[in-house]
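Peer 1: With the sequence up front, the predicted model follows.
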Amino acid sequence: MPHFLVAVADSVFPSLDPARAVLAKIGAEMRLAKKPTPDSIAQVARDADALLVTYAKITAEMIRQMPRCRIIARFGIGVDNVDIAAATAAGIVVTRVPDYCIDEVSDHTLALLLALVRKIPFANSRTHAGHWEMSAVVPIHRLRGRILGLVGFGKIPQLVAPKAKAFGLEIVTYDPYVREEITTAAGATRVDFAELLKVSDYISIHAPLMPETARLFNADAFRKMKPTAYLINTARGPIVDETALAHALDAGQLAGAGLDVLSQEPPSSSPLMGRDNVILTPHMSFYSVESLVELQTKAAEEVVRVLSGGAPRSPVNPEALQSAQARSATE
């Protein structure tokens with residue numbers, strides 16, 4: 001059985017045992033970088049056959065220092081921290097895990113929505129402070145019959161939709177990359193972005209971060225939203241212009257926001273902190289004990305497939321697969 005070296009750029013997991021157990025099937029050794037810095041990562045990845053990464057930035061210069069690497073597998077859904085073009089040029093397949101934590105993020109989305117609409121955090125803090133007064137939280141409107149706009153309609157929002165419909169919400173969605181029959185089958189109505197901003201009582205962001213979505217929610221977008229609307233973001237922080245959001249809240253252009261992601265994490269300061277109508281959670285929507293095991297297992301299985309000469313389930317750059325397989329055949 002061949003012996004492989006798998007480098008780990010960074011880890012936020014209590015243990016890497018689930019990934020280690022998968023990699024043991026091909027006799028792979030795992031080495032974790034001491035720190036998530038370019039130099040430390042290079043020390044463990046220089047002779048590695050594969051790289052596992054969570055949040056560390058994997059640049060073109062770092063990729064040039066990994067001549068043996070065939071696959072960079074991300075512990076996560078997005079891959080905006082990996083230089084895809086450089087990896088492709090080097091013949092390295094980049095993979096992701098698009099189908100983990102869909103229960104957790106969709107649940108968190110609904111939790112933020114319910115907490116915002118029912119004003120639970122504000123009511124809780126007032127009650128703990130000794131103020132037993134319902135008048136402080138009025139008005140509150142019922143959910144049934146209102147419109148939830150989903151920006152992006154991949155696996156997570158496709159699971160948000162039926163959960164939201166159980167509360168009587170109507171669903172509209174904007175995603176130019178998803179076929180209309182998929183939205184129709186989910187009981188959602190496909191609209192353009194301007195229409196979604198106009199009609200939605202609540203908007204939840206589920207789009208990937210790319211040039212087209214960076215600061216998609218800016219001052220112009222907030223001006224087009226209902227002043228009673230709430231914004232939820234469990235996707236990527238830079239999709240929302242946080243300064244513009246703070247100004248919009250000050251101007252009464254929307255009612256509140258629930259954000260699990262921010263442009264800077266953790267924030268050193270933010271104009272959104274300390275507001276009664278803003279709920280902030282520390283990029284935790286993906287988390288459950290079970291989801292972390294699933295994530296490690298599926299990412300490590302991609303490494304096993306590629307190092308064994310097979311094809312990964314979720315390649316970001318499938319055009320690089322032929323180069324990776326050719327190297328497997330010669331070793």
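Peer 2: Here it is on my side, so go on. All values derive from a computational prediction rather than experimental measurement.
Peer 1: which SSE is Gly274 in?
Peer 2: Using DSSP states H and E, Gly274 sits within no helix or strand.
Peer 1: try the one 5 residues further on
Peer 2: Using DSSP H and E, Ile279 maps to strand 278-280.
Peer 1: What's the mean pLDDT across that strand?
Peer 2: The average pLDDT within strand 278-280 is 98.
Peer 1: where's it relative to the chain centroid, distance-wise?
Peer 2: Its chain's average C-alpha position is 18 Å from that of strand 278-280, according to C-alpha atoms, centre = their mean, to the nearest Å.
Peer 1: Could you do stretch 259-278 as well?
Peer 2: How far stretch 259-278 lies from its chain's middle: 17 Å, per C-alpha atoms, centre = their mean.
Peer 1: Paired strands for the strand holding Ile279, with orientation please.
Peer 2: Applying DSSP bridges, strand 278-280 is found paired with strand 256-259 (parallel).
Peer 1: returning to that earlier point: can you name the next helix or strand after the strand holding Ile279?
Peer 2: helix 289-307.
Peer 1: So which elements touch that following helix?
Peer 2: The contact analysis (3 or more C-beta pairs under 8 Å, 6 or more residues apart in numbering; DSSP states H and E) places helix 289-307 against helix 17-23, strand 28-32, strand 50-53, strand 71-74, strand 93-95, helix 321-329. The way it works is simple: take the backbone N, C-alpha and C, and place the C-beta from them, glycine included.
Peer 1: Just put the ones you listed in JSON lines and tack on mean neighbour count and distance to Ala86.
Peer 2: Formatted as JSON lines, the helices and strands packed on helix 289-307 follow (neighbours: other C-beta atoms under 10 Å; distance: least, C-beta to C-beta, whole Å):
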{"stretch": "helix 17-23", "mean neighbour count": "18", "distance to Ala86": "24"}
{"stretch": "strand 28-32", "mean neighbour count": "17", "distance to Ala86": "22"}
{"stretch": "strand 50-53", "mean neighbour count": "28", "distance to Ala86": "13"}
{"stretch": "strand 71-74", "mean neighbour count": "29", "distance to Ala86": "10"}
{"stretch": "strand 93-95", "mean neighbour count": "28", "distance to Ala86": "10"}
{"stretch": "helix 321-329", "mean neighbour count": "15", "distance to Ala86": "13"}
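Peer 1: how about those, which one is nearest Arg236?
Peer 2: Among the helices and strands packed on helix 289-307, the nearest to Arg236 by C-beta to C-beta is strand 71-74 (13.8 Å).
Peer 1: strand partners of the closest one, parallel vs antiparallel please.
Peer 2: Strand 71-74 is paired, per DSSP bridges, with strand 50-53 (parallel), strand 93-95 (parallel).
Peer 1: With distance to Gln65 and mean pLDDT as added columns, please give those strands in CSV.
Peer 2: CSV is the format used below for the strands paired with strand 71-74 (distance: least, C-beta to C-beta, whole Å; pLDDT from 0 to 100):
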stretch, distance to Gln65, mean pLDDT
strand 50-53, 11, 98
strand 93-95, 16, 98
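Peer 1: Make CSV out of the ones you listed and add distance to Leu321.
Peer 2: Shown next, in CSV, are these (distance: least, C-beta to C-beta, whole Å):
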stretch, distance to Leu321
strand 50-53, 14
strand 93-95, 5
